[in-house]
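Engineer: turn this into a model:
(one chain, ligands or ions: 1)
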Amino acid sequence: MVSKKKSAVTHTAITADVAVIGAGASGCMAAVSAAMAGADVLLIEANDKICRKIYATGNGRCNLMNLFMSKECYHTGGGEDLSPFFARFSVQDHMAFWESRGIRLHDRQGYVYPRTDQASTIAEAFEKILRGLSVKIVTGERVNAIDCRVPGMEGFAAQDRHTLFKIETAAGNRYTARKVILAGGGMAGPQYGCGGDMYGFAVQSGHTVRKPLPALVQLFSDDKALKAASGVRCGAKVTLYCGKEALCADSGEVQMTEKGISGIPVFQISAAAAKALEAGEQVLAEIDFLPELPEEEWEREVERRLQEDRNCMLSVFFLGLVNRKILDLVLRKRGLQAEKKATGLNDADLAGILADLRALRIKITGTGNFAQAQVTSGGVPLSETDEELQSRRTPGLYMAGEMLDVDGLCGGYNLQWAMTSGWIAGKGAAK
Ligand SMILES: Cc1cc2nc3c(=O)[nH]c(=O)nc-3n(C[C@H](O)[C@H](O)[C@H](O)COP(=O)(O)OP(=O)(O)OC[C@H]3O[C@@H](n4cnc5c(N)ncnc54)[C@H](O)[C@@H]3O)c2cc1C
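Structural biologist: Just a heads-up that it's a prediction; the model follows:
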């Protein structure tokens, strides 16, 4: 852990100018940028190989970045403006970084991937670039303590005026460095080596941590009616409500499950849901199963349906609007079955069912866990770092990537943040 306590250990040998903890996207980029700026860099990774999580990104294709950028694509706990960071290492800089090294990219409606459509390309390219820059790579060693020594402390050479970090790993090895970059990720994807270790180091060096919560993850509900639609994938718009307030919305392919809802639109609203649930709020997801229908057209459709012959089952009366299982779900929530005759229902009942197809409300009771989440919401507030992502509490300590309280939408935004923050922290630490 990062502690400023006095110890009997005398630090003499400097293993590296800059030690980077964690060889994910942000750590590799930080190591590259520090080495390019002339620093002697040590990169320490707990896994047996670097970039373990990168291999899993974008369903194995690695959605590296997105050509559409706006401030709405990111959440920060303190509402901080990320544009100064992206001005220093933009999407274009990121693309140029890879293309200038022979890694061709291609985009699908703004979502950018390596031309090979293989995430392994990025992982292998990082390895090649790091070795080319003579970065010392240590794998299979989990850092379990960082001792920060500031000038004037016992055991500190009189002529030294800079902070010195002593790093210990679970393997029993010790390293020293003038600067440390914490780049060990958040808590999402513990199966890739991220267990939240960085928060402990940050706290012990004077930082706070906003509660880490899973994001880009499915939402759970205890609504028993959901079972009726389990397995359906359909185009829909999902709006998240906290009490009466609509917090956010997204459209696309929604996946219905027995225990809740999933799919990209659900992922996009999941960080807000996790925060609202954490705050003890009532959270509802309102699903529009016909989002493409303009209001006027829908009104005509409702009018027409209400004039139709009702001497048929409800499944026939509502035929052709939505997947039959979605109709079953809507009916089940009203205590009805598709086999019931429409004659038994009045205009208000039938209009109510049609309205539900456009705005079905499901109570959200939880989110998937960190092993299911793609990213962590929460972490060390950006306000506790300077514009180079150096700690305002412990000089010489830098932070990058998911451990900071920044999370992006699904679509390449999180890797872009990891690369941008890694680049900036590496450059700053190399000074
Ligand atoms: C399945 C999945 C798919 C995703 N797909 C995409 C996508 O397509 N596009 C996108 O933009 N984002 C995607 N993301 C999110 C993105 O991968 C992360 O936000 C990003 O990789 C975070 O980078 P990082 O460097 O901060 O942390 P990580 O990539 O998590 O890397 C941290 C590294 O630090 C190491 N480490 C941790 N603690 C220690 C320690 N004590 N000592 C030594 N090493 C340590 C870990 O082993 C790990 O290798 C996806 C995430 C997941 C889980």
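Engineer: the helix ranked longest in the chain and the ligand in contact?
Structural biologist: Once the chain is assigned using DSSP state H, the helix that runs over the most residues is helix 413-429. Yes. Using CB under 6 Å from any ligand atom, helix 413-429 comes into contact with the ligand via 413-415, 418. Where C-beta positions appear, they are placed from N, C-alpha and C, glycine not excepted.
Engineer: and the nearest residue to Ala35 once chain neighbours are set aside, what does it touch?
Structural biologist: Nearest residue to Ala35 in three dimensions, chain neighbours excluded: Leu133, at 3.8 Å (CB to CB, 6 or more residues apart in numbering). For Leu133, the residues meeting the contact criterion (CB atoms under 8 Å, 6 or more residues apart in numbering) are 31-32, 35-36, 41.
Engineer: which of those are buried?
Structural biologist: When burial is judged by neighbour count using 16 or more other CB atoms under 10 Å, the buried members of those are 31-32, 35, 41.
Engineer: any chance of those in TSV, plus distance to the ligand and pLDDT?
Structural biologist: Below are the buried ones among the contacts of Leu133 laid out as TSV (distance: CB to the nearest ligand atom, whole Å; pLDDT from 0 to 100):
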residue	distance to the ligand	pLDDT
Ala31	11	98
Val32	13	98
Ala35	17	98
Val41	15	98
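Engineer: would you turn these into TSV with distance to Asn369 and secondary structure?
Structural biologist: Formatted as TSV, those follow (distance: CB to CB, whole Å; DSSP: H, G, I helix; E, B strand; the rest coil):
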residue	distance to Asn369	secondary structure
Ala31	30	helix
Val32	32	helix
Ala35	36	helix
Val41	34	strand
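Engineer: from those residues, pick the one nearest Ser70.
Structural biologist: For the buried ones among the contacts of Leu133, the residue nearest Ser70 by CB to CB is Val32; the value is 27.3 Å.
Engineer: so the closest one sits right up against Ser134, yeah?
Structural biologist: No. Val32 is not in contact with Ser134 according to CB atoms under 8 Å; the separation is 11.4 Å.
Engineer: residues contacting Ala34?
Structural biologist: Neighbouring residues of Ala34 by CB under 8 Å, 6+ apart: 17-18, 20, 41, 181, 426-427, 429-430.
Engineer: output the below-cut-off pLDDT ranges for the stretch 101-250 of the chain.
Structural biologist: Using pLDDT under 70 as the threshold, the predicted model of the stretch 101-250 of the chain has low-confidence ranges 152-160.
Engineer: near the ligand, which residues of it are found?
Structural biologist: Near the ligand, the residues belonging to the stretch 101-250 of the chain are 142-143, 183-185, 188-189, 192-194, 197 when assessed by CB under 6 Å from any ligand atom.
Engineer: these in helices, which ones?
Structural biologist: The subset of these located in helices under the criterion DSSP H comprises Asp197.
Engineer: in stretch 47-65, which residues are buried?
Structural biologist: 47, 50-55, 57-58, 61-65.
Engineer: keep only those that also lie close to the ligand.
Structural biologist: When CB under 6 Å from any ligand atom is taken as the criterion, the members of those that contact the ligand are 47, 52-53, 57-58, 62-63.
Engineer: still on that earlier bit, which one of the residues of helix 413-429 next to the ligand is nearest Glu295?
Structural biologist: For the residues of helix 413-429 next to the ligand, the minimum distance to Glu295 (CB to CB) is 31.4 Å, reached by Tyr413.
Engineer: quick revisit: which among the residues of helix 413-429 next to the ligand gets closest to Asp347?
Structural biologist: Using CB to CB, Tyr413 is the member of the residues of helix 413-429 next to the ligand that lies nearest Asp347, at 46.4 Å.
Engineer: about what we covered before: grab the two from the residues of the stretch 101-250 of the chain next to the ligand that are most spread out in space.
Structural biologist: Maximum pairwise distance in those, criterion CB to CB, is 19.1 Å, between Val143 and Ala188.
Engineer: circling back to that earlier point, and of the contacts of Ala34, the nearest to Glu286?
Structural biologist: The shortest distance between Glu286 and any of these, using CB to CB, involves Ile181 and amounts to 42.7 Å.
Engineer: in this structure Ser262 contacts Glu253, no?
Structural biologist: No. The criterion here is CB under 8 Å, and Ser262 misses it with Glu253 at 9.8 Å.
Engineer: pick out whichever of those two has more residues nearby.
Structural biologist: Of the pair Ser262 and Glu253, Ser262 is the one with more neighbours under other CB atoms under 10 Å, namely 21 against 13.
Engineer: show me what contacts the residue nearest to the more buried one when sequence neighbours are not counted?
Structural biologist: Taking CB to CB, 6+ apart, and ignoring the residues beside it in sequence, Ser262 has Gln218 as its nearest neighbour in space, at 3.7 Å. For Gln218, the residues meeting the contact criterion (CB under 8 Å, 6+ apart) are 257, 260-262, 266-267, 270, 367-368, 372.
Engineer: how is this protein partitioned into domains?
Structural biologist: For the chain, whose domains are defined here by automatic domain parsing, the residue ranges read 16-214+376-429, 219-367.
Engineer: please identify the most buried of the ones you listed.
Structural biologist: Comparing these by mean neighbour count (mean count of other CB atoms under 10 Å), domain 16-214+376-429 ranks first with a mean of 20.
Engineer: how far does it sit from its chain's centre?
Structural biologist: On the basis of CA atoms, centre = their mean, to the nearest Å, domain 16-214+376-429 is displaced by 14 Å from the centre of the chain it belongs to.
Engineer: what's the first-to-last distance across it?
Structural biologist: Taking CA to CA, to the nearest Å as the measure, domain 16-214+376-429 stretches 12 Å from start to finish.
Engineer: got the end-to-end distance for stretch 166-173?
Structural biologist: Using CA to CA, one end of stretch 166-173 lies 10 Å from the other.
Engineer: residues contacting it, please?
Structural biologist: Counting contacts by CB under 8 Å, 6+ apart, the residues outside stretch 166-173 that touch it are 9, 11, 19, 21, 44, 138, 140-149, 174-177, 180.
Engineer: hmm, 10 Å instead?
Structural biologist: Contact with stretch 166-173 is made by 1-2, 7, 9, 11, 15-16, 19, 21, 42, 44, 46, 138, 140-149, 155, 174-177, 180, 201, as judged by CB atoms under 10 Å, 6 or more residues apart in numbering.
Engineer: farthest-apart pair in the buried residues of stretch 47-65, please.
Structural biologist: Set against one another by CB to CB, those have their most distant pair in Asn47 and Met65, with a gap of 23.8 Å.
Engineer: correct me, but Pro381 touches Ser391?
Structural biologist: No. Here Pro381 does not reach Ser391: they are 11.4 Å apart, not a contact under CB atoms under 10 Å.
Engineer: now the common contact residues for the two.
Structural biologist: Contact criterion CB under 10 Å, 6+ apart; residues bridging Pro381 and Ser391 by contacting each: His207.
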